[in-house]
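*Asks:* Coordinates for the following, if possible.
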Amino acid sequence: MQLSVVIPTLNGREQLSRTLDALAAHAPDVEVIVVNGPSADGTTGMVQDHDVVDVLVEIADRTVNAARNAGIDHATGDVVALVNQGLVVDEGWIDALLAGLEEEAVVTGPTHERMRAGMATETFEERTISGREVSYVNGGNMAMRRRVLDDLDGFDEYLDIGGARDLAHRLPRFDYGVAWQPSMCVQREFEADGGIRRTDWGWKYRSLAYRLVKNYGIRPTVLRRLVSHAGRDALSTLREVVRGDARPSNWLSTGRTVLGNIAVGLKDGFWSRNVDRTARRNPKGRSTRTDRAVAVYDWR
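*Replies:* A predicted model of the protein is given here:
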């Protein structure tokens, strides 16, 4: 079995370097494809000088799903793994990956984050939505057999965020299960800001509305889930206003952004559902474009 590892990157030279060093140490025999967005930090030169990289694909897109699809296009393995820049694979990562693929066609594992307050980690997440059992995957640490990517046509490039969760919604339509391997873990050191990440509220809710409507249609359970998510977040941010950690005007502005993007997501999800009525539900998938790569450096 040939394993290809696709790593999307954008202005992450130092983070990417740590990822490549870990692969060289713990998975030296895999095929490594780096997909570099329009970076301006010297990423291209660093990748060209790193011995572990087999293919460097330069793209003009800034979205992770376009980068994932571009990397899949140039991978030759019958299993394709996805690892985010800045994540460091552990010594037992590849053995756990192979063990998971003996159970299911898709395998995923946790990300351990070293933060100033201690260690944070992820757990396996499953949901039942409209009678469908959905097992979510960690988009920065997962692997799939080639037939999965072919059946689902890769990732939906409409989405700026949430591409891996959208893929998880589509897996059950082809009877693909997900194996959770706690030993298939990757590490992320805390960031300069202490690990705090800003939430893009607009894209969070546009993505949620889009993938729910695209995959399940407009039905009461979908609308109820949207209202539930938005209600919890609204209450949480309102508490910040009460504590004085946020301004009321910001809370109202965020609310308008959320509602507007939910409307856009519902509209676009309905359009996508009608454009692609097949089981893959992916009108902007891997096969719809051939112009992602601006330049390709192949050292195989």
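
*Asks:* Can you show me the helices along the chain?
*Replies:* According to DSSP state H, the chain carries its helices in the segments 13-26, 43-49, 64-74, 93-101, 146-152, 163-170, 201-216, 220-243, 248-275.

*Asks:* Next, count neighbours for His26.
*Replies:* When neighbours are counted by other C-beta atoms under 10 Å, His26 registers 16. Every residue, glycine included, has its C-beta placed from N, CA and C.

*Asks:* Isn't it up against Asp95?
*Replies:* No: in this structure, His26 is not within contact of Asp95 by C-beta atoms under 8 Å, at 9.7 Å.

*Asks:* and the residue lying closest to Ala293 once chain neighbours are set aside, how far is that from Thr44?
*Replies:* Leaving aside its sequence neighbours, Ala293 sits nearest to Val57 (C-beta to C-beta, 6 or more residues apart in numbering; 5.2 Å). Distance from Val57 to Thr44, counting by C-beta to C-beta, to the nearest Å: 11 Å.

*Asks:* Same check on Pro172?
*Replies:* Using C-beta to C-beta, we find Pro172 at a distance of 39 Å from Thr44.

*Asks:* just to revisit the earlier point, export the helices of the chain to JSON lines and tack on mean pLDDT and distance to Val34?
*Replies:* Output for the helices of the chain, formatted as JSON lines (pLDDT from 0 to 100; distance: least, C-beta to C-beta, whole Å):
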{"stretch": "helix 13-26", "mean pLDDT": "95", "distance to Val34": "7"}
{"stretch": "helix 43-49", "mean pLDDT": "95", "distance to Val34": "5"}
{"stretch": "helix 64-74", "mean pLDDT": "97", "distance to Val34": "8"}
{"stretch": "helix 93-101", "mean pLDDT": "97", "distance to Val34": "18"}
{"stretch": "helix 146-152", "mean pLDDT": "97", "distance to Val34": "18"}
{"stretch": "helix 163-170", "mean pLDDT": "97", "distance to Val34": "18"}
{"stretch": "helix 201-216", "mean pLDDT": "95", "distance to Val34": "25"}
{"stretch": "helix 220-243", "mean pLDDT": "82", "distance to Val34": "34"}
{"stretch": "helix 248-275", "mean pLDDT": "91", "distance to Val34": "30"}
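
*Asks:* between these, which gets nearest to Ser135?
*Replies:* Closest approach to Ser135 among the helices of the chain (C-beta to C-beta): helix 163-170, 6.3 Å.

*Asks:* domains of this protein?
*Replies:* The record's domain split for the chain, according to automatic domain parsing, is 3-196+283-298, 201-275.

*Asks:* First-to-last residue distance for the shortest one?
*Replies:* The one in question is domain 201-275. Using C-alpha to C-alpha, to the nearest Å, one end of domain 201-275 lies 27 Å from the other.

*Asks:* most packed of the domains of the chain?
*Replies:* Of all the domains of the chain, domain 3-196+283-298 carries the top mean neighbour count, a mean of 19, counting by mean count of other C-beta atoms under 10 Å.

*Asks:* Return the distance of it from the chain's centre.
*Replies:* Computed by C-alpha atoms, centre = their mean, to the nearest Å, the chain-centroid distance of domain 3-196+283-298 equals 7 Å.

*Asks:* Endpoint to endpoint, it covers what distance?
*Replies:* Domain 3-196+283-298 stretches 17 Å from its first residue to its last (C-alpha to C-alpha).

*Asks:* returning to that earlier point: determine the residues that are contacts of both of His26 and Asp95.
*Replies:* By C-beta atoms under 8 Å, 6 or more residues apart in numbering, His26 and Asp95 have no common neighbours.

*Asks:* circling back to that earlier point, correct me, but the residue nearest to Ala293 touches Asp298?
*Replies:* No: using C-beta under 8 Å as the test, Val57 is too far from Asp298 to be in contact (9.0 Å).

*Asks:* Tell me the residues that contact both of the two, please.
*Replies:* Residues touching both Val57 and Asp298 by C-beta under 8 Å, 6+ apart: His74.
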